[in-house]
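Trainee: Pasted the sequence and its predicted model underneath.
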Amino acid sequence: MKDKIYYYDRNGTLQLTLNEYPYYSEPRDLFDWTWGFNEQFGRINTFRRSKGTYELLIGIAGEYAHRHNALCDIFNADVLANEPGYLLINGWKLPCYITEADNSIVFDMNRQTKFIVRAINSTWIRENTKSYNGAPGGGSLGDDLGRDYTYEDGLMGRGYNYGYSQPESHYASIDLAGTNNGFEAVIYGPQVNPVIYLNNQPVQVNVELTATQRLRIVSNGSIKTIEILEANGTSTDAFVYRDKENTPFLTLGQHTDLTFGQVRFDFTTIERRSQPTWNCLLYTS
């Protein structure tokens, strides 16, 4: 069974399955990738994903006129709204705009179009969310066991916060492909100065959450945000309340130890690849 190629609009609503009747597609260019770089004094450095455009060939079977119209309307709606949709292959999505169409006419029948896909950041991403509940037990969160800090001038509580006391209660392991992956953490109230740890590095925001509030922390490449979410759907920027000694905007490598105390939260990993993973031949004729 071939992997499906989906197009979701700017609202995250599924609009098209591009290799399912009446559509067929040639997605091989979507698997191509390019790394750009700088060169100085004969040395290459500063590598970055730089493939910005892809070709997506879509054919239409059967009565095709109204389906051509549908493709145009769906793709142009996102462009005119200035909000990207995304392609989805095997769980990997590419935020993008469809910016150009080149129609092919064969025997007076306009059944095939080559679309130009303009990627937002040249990176395919895959998200996976898990929920954690730090039930009470195994040690009090209020106990300072003297392990979180170095000693300076003979006084405990001065120096670097190593974060050993709190996370010893609960543990999870995260294994991903590649490096420099992002995450989103949504912490549920009530909480005071909630914190979780990634490889013993604290991700903390110094706020007090009520039982109906949530705290959302996003560290995803250039996107670094902290918000308090209300039950009615509104949000308040809480960036200023971040831990300024230990930045919460960390990246995830191939293996990460997630440790936490008495806190309930959802944790979403955001993996990055230059191409979606290959499972089977995607071409359909």
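Mentor: Here it is on my side, so go on. Numbers count the residues shown, from 1 in each chain.
Trainee: Low-confidence ranges, the stretch 151-285 of the chain, go.
Mentor: 151-168, 280-285 (pLDDT under 70).
Trainee: show me where it has strands.
Mentor: Counting by DSSP state E, counting those that start in this stretch, one finds strands in the stretch 151-285 of the chain at the ranges 170-175, 182-188, 191-192, 195-198, 201-204, 208-209, 214-220, 223-229, 235-237, 255-260, 264-273.
Trainee: can you put these in CSV and add mean neighbour count and distance to I5?
Mentor: For the C-beta atoms, the positions are set from N, CA and C on the backbone; glycine is no exception. Formatted as CSV, these follow (neighbours: other Cβ atoms under 10 Å; distance: least, Cβ to Cβ, whole Å):
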stretch, mean neighbour count, distance to I5
strand 170-175, 13, 27
strand 182-188, 21, 24
strand 191-192, 16, 41
strand 195-198, 24, 34
strand 201-204, 21, 35
strand 208-209, 16, 41
strand 214-220, 21, 24
strand 223-229, 17, 26
strand 235-237, 11, 33
strand 255-260, 19, 31
strand 264-273, 19, 16
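Trainee: Indicate which one of those is closest to D102.
Mentor: Among the strands of the stretch 151-285 of the chain, the nearest to D102 by Cβ to Cβ is strand 264-273 (27.7 Å).
Trainee: ok, the closest one: who's next to it in the sheet?
Mentor: When pairs are called by DSSP bridges, strand 264-273 turns out to pair with strand 124-133 (antiparallel), strand 182-188 (antiparallel).
Trainee: who touches it?
Mentor: By Cβ atoms under 8 Å, 6 or more residues apart in numbering, the residues outside strand 264-273 that reach it are 92, 123-134, 174, 176-178, 180-188, 194, 196, 220-221, 252, 258.
Trainee: sorry, back to before: compare the strands of the stretch 151-285 of the chain and report which one is nearest to Y54.
Mentor: Among the strands of the stretch 151-285 of the chain, if distance is taken as Cβ to Cβ, the winner is strand 264-273, at 14.4 Å.
Trainee: Give me the below-cutoff pLDDT ranges for the stretch 1-150 of the chain.
Mentor: Using pLDDT under 70 as the threshold, the predicted model of the stretch 1-150 of the chain has low-confidence ranges 1, 63, 105-110, 135-150.
Trainee: ok, 50 please
Mentor: Along the stretch 1-150 of the chain, the model assigns pLDDT under 50 to residues 107-109, 137-150.
Trainee: and of the strands paired with strand 264-273, who's closest to H170?
Mentor: strand 124-133 (7.1 Å).
Trainee: Bridged to the residue nearest to S235 when sequence neighbours are not counted, which residues?
Mentor: Sequence neighbours aside, E227 is the residue nearest to S235 in space, at 4.5 Å (criterion: Cβ to Cβ, 6 or more residues apart in numbering). Beta-bridge partners for E227, by DSSP bridges, are R216, D237.
Trainee: quick one: contacts for E227?
Mentor: For E227, the set of contacting residues under the criterion of Cβ under 8 Å, 6+ apart consists of L215, R216, S235, T236, D237, A238.
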